[in-house]
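S.K.: Output the structure for:
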Amino acid sequence: MTNWRWWICSLLFVATTVNYLDRQVLSLTYKEFIAPEFHWTDADYGTITSLFSIFYAIACLFAGKFVDWMGTKKGYLIAICVWSVGAVMHAACGIATTWFVPEVDSVAALRAVEAGSNVALAISTVSVYLFLLCRGILALGESGNFPAAIKATAEFFPKKDRAFATSIFNAGASVGALAAPLLIPPLAKHLGWEMAFIIIGALGFLWMFFWQFMYDKPEKSRHVNTAELEYIHQDDAEDAAVKASSADEKSIPFMQCFRYRQTWSFIVGKFLTDGVWWFFLFWAPAYFQDQFNAPASSPLGQGLIFTLYAIVTVVSLFGGYLPKLFVEKKGMDPYAGRMLSMLIFAFFPLVALAAQPLGAYSPWWPAVLIGIAGAGHQAWSANIFSTVGDMFPKSTIASVTGIGAMAGGLGSMIIQKVAGNLFTYAEGQGAAFHFMGFEGKPAGYFIMFCFCGLAYLLGWIIMKSLVPKYKPVEI
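M.R.: Next up, the predicted model:
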């Protein structure tokens, strides 16, 4: 038997890695390279990250249908082409800004403009809109990655292997998170932040070449022999029987989904917690530079960010195991086991409350504690998605999942915008801004860490109140 399916899985892994790298270029270059050039405040950066979150959430609602319509091969090609174009376009924002601000005649002149002047304000305003355009294109393309990868996995793997194959390509997110601080800041430091966007963005175009010539459906691929094809399609007879038995299954109309407590439980859980993960993702590099003078391009900055994501990667692997333990060993029903697991994981982010106080002793404390909080989120996230399958018929799972993703994007948009405005205000107030013994911007960070730490317990309490015990939706 040939093993071409694993080559396809390796392509999905690389695409997911590139997806994550492209998303991280801005956060790893913002504070040290981009903000001084365009005279951005944290409020400007908060606007960009908040709108990226909602762009991505809205695009996710339609990405799956687009991939189904175009087919896996064309759909994935278009998705990665769009997000790679969006990634590379960021590099042109400096030149484009000079076109709209006549007072500056070159990219080098942008940084030389007097801070706080009307010209500096014009530069920051124009550049924010240009970056928003690029981030919107990036979000549109990136939303197609997971629907296309999951569809490719379903086409090339039997059911028993799909979870393993999915875990392999999904590991690309962790690899991308670990590689980003080691690759992106040095590129920006030695070649310019523009080249960081271009080089990382160009990886997507390189991937497209391999995808074009390597991917065809198993039935059409010259690399798949009869034995592998039979292995891939071993579930076909069972699927046909299931499809026949569920032909009469009713689907819940989209608007009717909002009538159920189970839907609102999922909405609340996503709304309160998704933004926490995006906050850590977007603001951690800026935090380490602001608080510890550790730019992302410095050895200390790289080490702190790498440590944070290494902890997230390792600890979050246990997220899917705990509910299985409760169900198989303790005899709990799946929903009860999942909710108990989520309660345990909801305590992990509480360690973020100590990140700011312990940061007075060493910057490694915040890196470790934020990493534990992030791992708690990843484990929580893996389980909250499964609650939809516990409660809703298969015909409605995609609709409710899309509603939850939209709620998570809205929550993230609010958190990023609030964080940016809060940091700008706190920095401007200086010693006049107090919170729990901290002043100025450190007080602003501590406020955000407090929310991030408590959000999961609050979300769990509301979810449990709405759906106290296992109660599937009946049509």
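S.K.: just the strands in the protein please.
M.R.: 434-435, 438-439 (DSSP state E).
S.K.: Quick one, which of these gets closest to residue 303.
M.R.: Residue 303 lies closest to strand 438-439 among the strands of the chain, at 24.5 Å (Cβ to Cβ). In this view, the C-beta of every residue, glycine as well, is placed from N, C-alpha and C.
S.K.: okay, the strands of the chain in JSON lines with distance to residue 58 next?
M.R.: JSON lines is the format used below for the strands of the chain (distance: least, Cβ to Cβ, whole Å):
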{"stretch": "strand 434-435", "distance to residue 58": "34"}
{"stretch": "strand 438-439", "distance to residue 58": "36"}
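S.K.: winner for burial among those?
M.R.: strand 438-439 (a mean of 16; mean count of other Cβ atoms under 10 Å).
S.K.: Okay, now the unreliable bits of the stretch 101-250 of the chain?
M.R.: In the predicted model, the stretch 101-250 of the chain carries pLDDT under 70 at residues 163, 237-250.
S.K.: 90 instead?
M.R.: The model of the stretch 101-250 of the chain has pLDDT under 90 over residues 105-106, 108, 111-112, 114-116, 143-178, 231-250.
S.K.: and residue 77, what is it in contact with?
M.R.: Neighbour list for residue 77: 208, 211, 212 [criterion: Cβ atoms under 8 Å, 6 or more residues apart in numbering].
S.K.: Kindly provide the distance from it to residue 11.
M.R.: Per Cβ to Cβ, to the nearest Å, residue 77 is found 12 Å from residue 11.
S.K.: Now for the two: what residues contact both?
M.R.: With Cβ under 8 Å, 6+ apart, residue 77 and residue 11 have common neighbours residue 211.
S.K.: The most centrally placed residue in the chain and residue 377, how far apart?
M.R.: Nearest to the geometric centre of the chain sits residue 278, at 6.5 Å (Cα atoms, centre = their mean). Residue 278 sits 10 Å away from residue 377, going by Cβ to Cβ.
S.K.: Next, count neighbours for residue 273.
M.R.: 26 (other Cβ atoms under 10 Å).
S.K.: Correct me if wrong: it contacts residue 456.
M.R.: Yes. Counting by Cβ atoms under 8 Å, residue 456 is a contact partner of residue 273 at 5.7 Å.
S.K.: got any residues that touch both of those two?
M.R.: 377, 380.
S.K.: Return the distance of the closest residue to residue 100 other than its chain neighbours relative to residue 34.
M.R.: Nearest non-adjacent residue to residue 100, counting by Cβ to Cβ, 6 or more residues apart in numbering: residue 126, 4.7 Å away. Note on residue 126: its distance to residue 34, by Cβ to Cβ, is 14 Å.
S.K.: Comparing these two, which residue is more hemmed in?
M.R.: Taking other Cβ under 10 Å, residue 126 and residue 34 do not tie; residue 34 has more neighbours (22 against 18).
S.K.: what sits against the residue nearest to the more buried one when sequence neighbours are not counted?
M.R.: Once flanking residues are discounted, residue 34 sits nearest to residue 193: 5.9 Å by Cβ to Cβ, 6+ apart. Residues near residue 193 by Cβ under 8 Å, 6+ apart: 29, 33, 34, 37, 91.
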